[in-house]
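>>> below: sequence and its predicted model.
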Amino acid sequence: MGNICRSPTAEGAFRSQVVKRDVEYLFEIDSAGTHAYHIGEQPDSRSQLAANKYQVDLSYQRARQLHECDFYHYDYIFAMDASNLSVLQSICPSEHQTKLSLMLDNMPNNQGRSVPDPYFEGRFDEVFEMLDCASGFLLQSLLKKSL
């Protein structure tokens with residue numbers, strides 16, 4: 001939503017997976033929120049703390065709101081929950097709808113599941129682990145497609 005918890009965590013987790021596999025040259029990775037709540041702010045300090053436990057730095061990221069050009073520029077756009085996916089589907093041009101999905105759909109047996117919002121629930125470590133796992137499956141899938 002505001003690009004300070006789940007989406008920057010997903011960006012950091014996926015970037016970490018990409019760096020570990022030494023395939024940074026294949027990807028452009030970014031995150032954005034569906035709402036303009038926190039534009040220009042760093043990720044929530046609790047998200048940063050959880051990521052740091054896994055040697056993932058989120059401090060360089062700044063919140064931004066999704067822009068229409070993102071639908072044209074990126075090959076994949078992942079939502080963290082059904083509500084945000086619905087917002088994306090409502091504003092995405094019809095020819096780019098196939099780019100949209102839930103992040104956890106990348107994990108086996110997790111289709112349709114949402115990443116819990118840790119902002120109020122405080123499940124930052126759990127969210128990082130979930131997104132890191134999903135990122136690993138996503139990277140594996142993308143690398144198979146590119147071979």
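Yep, it's here.

>>> and the longest helix for the chain?
Ranked by residue count under DSSP state H, the longest helix found in the chain is helix 124-146.

>>> N84 sits in which helix or strand?
helix 82-91 (DSSP states H and E).

>>> re earlier: contact partners of the longest helix of the chain?
Helix 124-146 is touched from outside by 5-6, 9-10, 13-14, 16-18, 21, 23, 26, 44, 46-47, 49-51, 53-54, 56, 78, 103-104, 106-108, 110, 115-116, 118, with contacts defined as CB atoms under 8 Å, 6 or more residues apart in numbering. Any C-beta I mention is one placed from the backbone N, CA and C, and that applies to glycine too.

>>> what do you get if the cut-off is 6 Å, keeping everything else the same?
9-10, 13-14, 17, 46-47, 50-51, 103-104, 106-107, 118 (CB atoms under 6 Å, 6 or more residues apart in numbering).

>>> so how far is stretch 135-144 from its chain's centroid?
Taking CA atoms, centre = their mean, to the nearest Å, one finds the center of stretch 135-144 at 14 Å from the center of the full chain.

>>> which positions within it qualify as buried?
Residues of stretch 135-144 classed as buried by neighbour count (16 or more other CB atoms under 10 Å): 135-139, 142.

>>> could you do stretch 19-37 as well?
30-34.

>>> dump the residues you listed to JSON lines, plus distance to S94.
Listed next are those as JSON lines, based on distance: CB to CB, whole Å:
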{"residue": "D30", "distance to S94": "23"}
{"residue": "S31", "distance to S94": "24"}
{"residue": "A32", "distance to S94": "20"}
{"residue": "G33", "distance to S94": "23"}
{"residue": "T34", "distance to S94": "18"}
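
>>> pick the one among the contacts of helix 124-146 closest to Q89.
When those are compared for distance to Q89 (CB to CB), M103 wins out at 14.9 Å.
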